[in-house]
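Novice: Fold the following.
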Amino acid sequence: MSEKDKMITRRDALRNIAVVVGSVATTTMMGVGVADAGSMPKAAVQYQDTPKGKDHCSVCAQFIAPHSCKVVAGNISPNGWCVAFVPKSA
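Specialist: Down below sits the predicted model:
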């Protein structure tokens, strides 16, 4: 895979943001609150067990060590990735 293939385009970023916002809005309308944050199905956030470039779960603000997430339901890989990825602030 070339370096160009690994880059996230603006279109991809906007689409990913739209998916996350739509998913959050949908779960909010369904009565799912902040306490249930880790209940998004993996498919809804396009979760994958492999990183996307430098982005991976263990450097995401949503990650809860060793294998949990504030957004994604179930066990996740620290090397995984999904559209809810938010880099940890420094």
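
Novice: hey, let's count contacts and neighbours off CA atoms from now on
Specialist: Will do.

Novice: tell me the contacts of Arg10?
Specialist: Contact criterion Cα atoms under 8 Å, 6 or more residues apart in numbering gives no residues in contact with Arg10.

Novice: Can you give me the distance of it to Asn16?
Specialist: As defined by Cα to Cα, to the nearest Å, Arg10 lies at a distance of 10 Å from Asn16.

Novice: now swap in Asn79 and tell me
Specialist: Counting by Cα to Cα, the gap from Asn79 to Asn16 is 19 Å.

Novice: for Lys54, same thing?
Specialist: 17 Å.

Novice: Compare neighbour counts for these two and give me the winner.
Specialist: Comparing Lys54 with Asn16 by other Cα atoms under 10 Å, the one with more neighbours is Asn16, at 18 against 10.

Novice: Does the more buried one belong to a helix, a strand or coil?
Specialist: Under DSSP: H, G, I helix; E, B strand; the rest coil, Asn16 falls in the helix class.

Novice: Now it. Nearest residue, chain neighbours left out?
Specialist: Leaving aside its chain neighbours, Asn16 sits nearest to Val83 (5.3 Å; criterion: Cα to Cα, 6 or more residues apart in numbering).

Novice: Wait, the one you found touches Gln46, no?
Specialist: Yes - at 6.2 Å, Val83 counts as touching Gln46 under the criterion of Cα atoms under 8 Å.

Novice: These two: which has the busier surroundings?
Specialist: Remark: of Val83 and Gln46, Val83 carries more neighbours, 18 against 15, as counted by other Cα under 10 Å.

Novice: Helix, strand or coil: sort out the more buried one for me.
Specialist: Under three-state DSSP, Val83 falls in the coil class.

Novice: pLDDT score for it?
Specialist: You'll see Val83 listed with a pLDDT of 95.
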